[in-house]
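[1] here is the input, now give the coordinates:
(2 chains)
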There are 2 protein chains.
Amino acid sequence: MRCRKCPQRAVLQMPRHNTAFCRSCLTEFVRNQVYRAIKKHKMFTTQDRILVAVSGGKDSLTLWEILLKLGYRADALYVDLGIERYSELSREKVERFAKEVAIPCGAKLLVHHVKEQEGAGIRELATLVHRPTCSTCGTIKRYQFNRVAVERDYDVMVTGHNLDDEAARLLGNVLRWQEEYLQKQGPSLPASVEGFAKKVKPLYRLTEREIAAYAVLNRIDYVVEECPMAKGAKMLVYKDVLNRLESESPGTKQAFYWGFLEREEKARPTSLSMSEADQSALHPCPTCGQPTTANVCTYCKMMGRVSEAKTSST
Amino acid sequence: MRCRKCPQRAVLQMPRHNTAFCRSCLTEFVRNQVYRAIKKHKMFTTQDRILVAVSGGKDSLTLWEILLKLGYRADALYVDLGIERYSELSREKVERFAKEVAIPCGAKLLVHHVKEQEGAGIRELATLVHRPTCSTCGTIKRYQFNRVAVERDYDVMVTGHNLDDEAARLLGNVLRWQEEYLQKQGPSLPASVEGFAKKVKPLYRLTEREIAAYAVLNRIDYVVEECPMAKGAKMLVYKDVLNRLESESPGTKQAFYWGFLEREEKARPTSLSMSEADQSALHPCPTCGQPTTANVCTYCKMMGRVSEAKTSST
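    Coordinates of the predicted model:
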């Protein structure tokens, strides 16, 4: 099969767009979609200092590469979760990418070590606080990314969530009609209050499959395996279900997520990062100073329980 | 395992309610859910003349039986689609049920023959008008049920759509955010204008599995096989997907559909049968007199194409 834009051989069929691209046209298409996402949602400009959350997977490394290729000032933060083998492998991939691609462009890689800072690997922390590993991990990553972005004066925090991620999250929220989460499903959440960094998702227009093809064709070396802790996670079930629907009816994921965004835009023309009630209830956490609506922020509460558990076990 | 309400042996586990019932407690539970649906949505009273759409399947026969047991004045209409073997089998089941259960309660069974009235079986009609069989069937059934209900002065038209049906339809509409259909997802659509019968769905609180168990335990003899025309229908894919989600997380279907209803109720406290724009655009079809927003109603347009196709082929 031929590329739809040039006489080259196509390397990827894209049923949802009823098209197929060769290597160079696919590369152009993917970068273009990222650029359109950035412009459409006024995510950032070439003047802004950007912090990309990188995990070593295809999405975040591809995103970092594209941002640098498009001329943005993008540094990255890697959170080392201390999962045997998997974290080492991921860190190696991230460090190699930084050395070979990012640092030559003038970018920096920052690393946060959970074992050193939080005092134990993610698996042990989750056990200590009796919470699922994925939710413990989410709390730490959200906290540390925001802390680093705010402390080091980054203008915006960027994550590699793609169309599959966002559609799966939307499905989960729609299945239970979780109003407060549905309000935060947009690809751009402004820095609502002092101490909360702006957060954006420039890959929301691209599927996992398209990003994986881009990464392979552009020789981005990434960790292929899923995080071993994610087995059985609900998000994987939602993704599976959406893949089934997509194969029955190409374009389903896009129509679902983009259609939701259009509908929200009509209903709420000004982009909201959170309900006004939430916003007015925010105050600095007495322990760490980050904004929270609770007495003590989730992260500090969790770390408090970690210390207690450690003390009582010694 | 024991019944949760009495010392009998349980015959059905219901993970979504975290319970299990014996035969008689299940029967009571199912009838109760139907009764609650009728009351909650003010569907009808014992004074009203009710027309139940019966197909010979478990849902519609169970519904007819329960309405009679609860003391409602419920006649039924069976539309014979003229599908070889399947339609004969279905009609037999409906007629036997009418004879053994309904007629002794003073109820009547009406039958509409598509082959006689529309001049050909559903399969041939669909071929003649170049439309999918399921959508041709939908048009005919909607039209004929409404016509009979209006002409014979029934107060309300009742269908056997269950929780699985409604959740599947909601999923399809939400995946493409079809606003105009989302507005009509409620279990009770009032008779918006002269010529449109009120339509209600008293089984919306019960799953397929619960209704099948009720039918078997109460010796309701129904057609077990799916309509042979429905193979590959999108609704079956949506049901499959929801069953997968339900087994991962019991209660998903209920939370999804009931949650949607609650949300709609908050957003639109007065129940709407259709958008106001639609309503004001309705006028009698010049051919048959039923209300339509189009020039000629969908049914008459379709039947016009059937005559043309027949004429041109002779």
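[2] count the neighbours of the nearest residue to A:Y86 once chain neighbours are set aside for me.
    Of all residues not flanking A:Y86 in the chain, A:P228 sits nearest, at 5.6 Å (Cβ to Cβ, 6 or more residues apart in numbering or on different chains). Placement of C-beta: from N, CA and C, glycine included. By other Cβ atoms under 10 Å in any protein chain shown, 12 other residues sit near A:P228.
[3] low-confidence bits of the stretch 151-300 of chain A, can you list those?
    Within the stretch 151-300 of chain A, the set of residues satisfying pLDDT under 70 comprises A:269-278.
[4] and stretch A:186-194, is it in reach of chain B?
    No. Against chain B, stretch A:186-194 shows no contacts by Cβ under 8 Å from any Cβ of the partner chain, the least distance being 15.0 Å.
[5] once you drop chain neighbours, what's closest to the residue most central in space within chain A?
    Residue closest to the average C-alpha location in chain A (Cα atoms, centre = their mean): A:T159, at 3.3 Å. Among residues not flanking A:T159 along the chain, A:A53 sits closest, at 4.8 Å (Cβ to Cβ, 6+ apart).
[6] now do the phi/psi pair for A:A212.
    With angles defined as degrees, to the nearest 10, A:A212 sits at phi -60, psi -40.
[7] identify the residues contacting it.
    Residues near A:A212 by Cβ atoms under 8 Å, 6 or more residues apart in numbering or on different chains: A:K58.
[8] what's the spacing between it and A:S249?
    Going from A:A212 to A:S249 by Cβ to Cβ, to the nearest Å gives 22 Å.
[9] could you pull out the strands for chain A?
    A:12-14, A:19-21, A:49-54, A:73-80, A:109-113, A:156-158, A:188-189, A:198-200, A:283-284, A:291-292 (DSSP state E).
[10] could I get those strands as a markdown table with distance to A:V150?
    Output for the strands of chain A, formatted as a markdown table (distance: least, Cβ to Cβ, whole Å):
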| stretch | distance to A:V150 |
| --- | --- |
| strand A:12-14 | 39 |
| strand A:19-21 | 40 |
| strand A:49-54 | 10 |
| strand A:73-80 | 12 |
| strand A:109-113 | 13 |
| strand A:156-158 | 9 |
| strand A:188-189 | 14 |
| strand A:198-200 | 10 |
| strand A:283-284 | 12 |
| strand A:291-292 | 10 |
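[11] now these as a markdown table including distance to A:W64 and mean neighbour count?
    Listed next are the strands of chain A as a markdown table, based on distance: least, Cβ to Cβ, whole Å; neighbours: other Cβ atoms under 10 Å in any protein chain shown:
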| stretch | distance to A:W64 | mean neighbour count |
| --- | --- | --- |
| strand A:12-14 | 21 | 18 |
| strand A:19-21 | 22 | 20 |
| strand A:49-54 | 5 | 24 |
| strand A:73-80 | 5 | 23 |
| strand A:109-113 | 9 | 16 |
| strand A:156-158 | 9 | 25 |
| strand A:188-189 | 18 | 20 |
| strand A:198-200 | 14 | 22 |
| strand A:283-284 | 31 | 14 |
| strand A:291-292 | 27 | 20 |
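[12] sorry, back to before: thought the residue nearest to A:T159 was touching A:S60?
    Yes. If you go by Cβ atoms under 8 Å, A:A53 and A:S60 touch, sitting 6.3 Å apart.
[13] what touches both of the two?
    Residues touching both A:A53 and A:S60 by Cβ under 8 Å, 6+ apart: A:76, A:159-160.
[14] show me which residues of the stretch 151-300 of chain A are close to chain B?
    Going by Cβ under 8 Å from any Cβ, the residues of the stretch 151-300 of chain A near chain B are A:174-177, A:179, A:234, A:237, A:240-241, A:244-245, A:248-249, A:252, A:255-256, A:259-260, A:262-263.
[15] could you rerun that using 10 Å?
    Residues of the stretch 151-300 of chain A lying near chain B by Cβ under 10 Å from any Cβ of the partner chain: A:167, A:170-172, A:174-179, A:232, A:234, A:237-238, A:240-242, A:244-245, A:247-249, A:251-253, A:255-264, A:266.
[16] what's around A:V224, how many residues?
    A:V224 has 11 nearby residues by other Cβ under 10 Å.
[17] in this structure it contacts A:K58, no?
    Yes. Counting by Cβ atoms under 10 Å, A:V224 touches A:K58, with 7.9 Å between them.
[18] overlap of the contact sets of these two?
    Common contact partners of A:V224 and A:K58 (Cβ atoms under 10 Å, 6 or more residues apart in numbering or on different chains): A:212, A:215.
[19] what residues are up against A:F196?
    A:146, A:149-150, A:157, A:189-190, A:273-274, A:279, A:282, A:290-291.
[20] just give me the closest of these to chain B.
    A:M274 (19.2 Å; Cβ to the nearest Cβ).
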